[in-house]
Each structure stands twice: as structure tokens, then as C-alpha cells.
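I would like to see how this sequence folds:
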Amino acid sequence: MAYEVEAPKYVRLAQTIQRRIEDGTYAPGTRVPSENQLVQSFGMSRPTVVRALELLKRDGWLESRQGFGTIVRGRPAVVEEKDRRGLEALARVESQTPGRLVEVGEVTVPARVASALGLPKSAKVTMRRFLVEEDGEGVELVSSYFAAGLVEGTDLAGADVLSAGVREHLEARKKVRFDHVTERVSARLPEAAEAASLGLPDGVPVLSVLVIACDASGRALQVSDVLLPADRQELEDTYRLN
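Have a look, this model is predicted:
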């Protein structure tokens, strides 16, 4: 059984404010709501609000200006340069990617995916599982889940590889629009089938990147569980110190 620790409240608040900056609710050059307004709007304590704002200032989303308060700077350039597994999962074209489609079918939705999709734990969803390979070796196992209503009229339930990325395919067939992605990273031991696909010996953990792709209203259109062998990964980030 995999366990996932929920992000601290201040991190979740920072992510919410970040999404509002990205969707234009808080436009660059404007002031963000005051600490009192944020406390009242989100029902969080002042220390939590202060920590969230400081995190966003540190990462370049916000800045303090004398006499003006806290101002929106917009999406930092450094964010654009980071490796985003979510973008890869949405844009990857199966027919052009070294690897193979391991499994396609209707499955009972995993608990953490059910929560992201807003479905009961007993719900059935369509899953596409694709193994990315390099030199014949499995390096990434991507399991993508879709609610039943989104699959109708698409090729997502078919056994043939897609000739377009999932995002492009869904936007064309279902007239939906992907707006933002949330990624949650955790570590766990793989299930037997996952370990076999990735060629992992017993006891080697995987990094799980849960990619939640949503429309502008926040409705999850697709949830992908991207598994990476933990013994072959190294996470690195560089940022300025204030």
C-alpha cells in the first residue's frame, strides 16, 4: 500500500495563488489581496498566509514594493525552463515514442486517482499504460486515467497507439481545453507488474509523479501516474537567496 503525505497548508495556498496568476485572475502588475483578505477568503491563519506569500516571492511570482504592497510579477522565466513531467505526459505521441503500449482497458480507479478525478473509489475508468524505453530498457511507466464520459468519441480506449498527444487528441475530439497541471511527487515500492515492466529488482522504490491535468474550472480531465526508477533519478533545483 502506498502512502502519500499531503502538502503543508502554506504550500497548497501558494499553489492556489500561483494558479490564479497563471489564469489571469491576478494579473501581472496588480496587487494581490491583502493578508487579511487572504485569511478570510481561504480560512487559513495569518502565519500560513505569510509563509505562502514568502514562498511565492522567493520563487519570483510576487514582489514587495515600498508603498504599493505585494505585486504580481507573473510566471518566472526559470519556471518555464524546468523539466515538467506533466507536459511530457500530455504532449507525448505514442506512435513516435520508443516503447510500447502495455495495457489499455477499464479498471477500478486507484484511490489517489479517484480523489483527483472527483470519483468514488469503486468507479470504473479507462486506463492507458505506456512503457517508455531507451536502448530496450524501460525507463518510465505512464498510467493515464480518464473518466468514462471523456472517453466516448475518442481513441483512448483503443489498443492502437495514438498518432497525436493525449492533450491534442482530447481537445480536438471533445472540444475541451487543458488549462493547468498539478504535479505531486512521492516515493513508494512498485507493484509486481510495475516492477516487471521497469525491470526493477525486489526492494527498489520508484518515484511517482501524479500529474493532474485540469480545465480552467479546475475539473480534472486526465490523471497520469508517471513512475520512474528511484535509483536512476536525481532531483536538482537552483534558486536565488533573498
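
Next up, the contacts around Phe68.
Phe68 makes contact with Arg31, according to CB atoms under 8 Å, 6 or more residues apart in numbering. All C-beta spots, glycine's among them, are computed from the backbone N, C-alpha and C.

Distance check, Ala111 against Leu117.
Remark: distance between Ala111 and Leu117 (CB to CB, to the nearest Å) = 11 Å.

between these two, who's got more neighbours?
When Ala111 and Leu117 are compared for neighbours, Leu117 comes out ahead with 21 against 12, by other CB atoms under 10 Å.

Would you confirm that that one contacts Val109?
Yes. Using CB atoms under 8 Å, Leu117 is in contact with Val109, at 6.7 Å.

and for the two, which residues touch both?
Residues touching both Leu117 and Val109 (CB under 8 Å, 6+ apart) are 123, 125, 145.

now the residues you listed in JSON lines, with secondary structure and distance to Leu56?
Shown next, in JSON lines, are those (DSSP: H, G, I helix; E, B strand; the rest coil; distance: CB to CB, whole Å):
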{"residue": "Ala123", "secondary structure": "coil", "distance to Leu56": "35"}
{"residue": "Val125", "secondary structure": "strand", "distance to Leu56": "34"}
{"residue": "Tyr145", "secondary structure": "strand", "distance to Leu56": "30"}
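
of those, buried ones?
Buried subset of the shared contacts of Leu117 and Val109 (neighbour count, 16 or more other CB atoms under 10 Å): 125, 145.

Of the shared contacts of Leu117 and Val109, just say which sits nearest to Val50.
Tyr145 (36.7 Å; CB to CB).

what sits against the closest one?
Going by CB under 8 Å, 6+ apart, Tyr145 touches 107, 109-110, 113, 117, 125-127, 222-225.

Can you tell me which of those are buried?
So, by 16+ other CB under 10 Å, the buried ones in those are 107, 109-110, 113, 117, 125-127, 222-225.

So which of these sit within strands?
Mapping the buried ones among the contacts of Tyr145 onto strands (DSSP state E) picks out 107, 125-127, 222-225.

Could you dump the contacts of Tyr145 into a markdown table with pLDDT and distance to Glu168 added?
Shown next, in a markdown table, are those (pLDDT from 0 to 100; distance: CB to CB, whole Å):
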| residue | pLDDT | distance to Glu168 |
| --- | --- | --- |
| Val107 | 96 | 24 |
| Val109 | 95 | 24 |
| Pro110 | 93 | 26 |
| Val113 | 94 | 22 |
| Leu117 | 92 | 21 |
| Val125 | 97 | 21 |
| Thr126 | 97 | 18 |
| Met127 | 97 | 20 |
| Gln222 | 95 | 12 |
| Val223 | 96 | 18 |
| Ser224 | 95 | 15 |
| Asp225 | 95 | 21 |
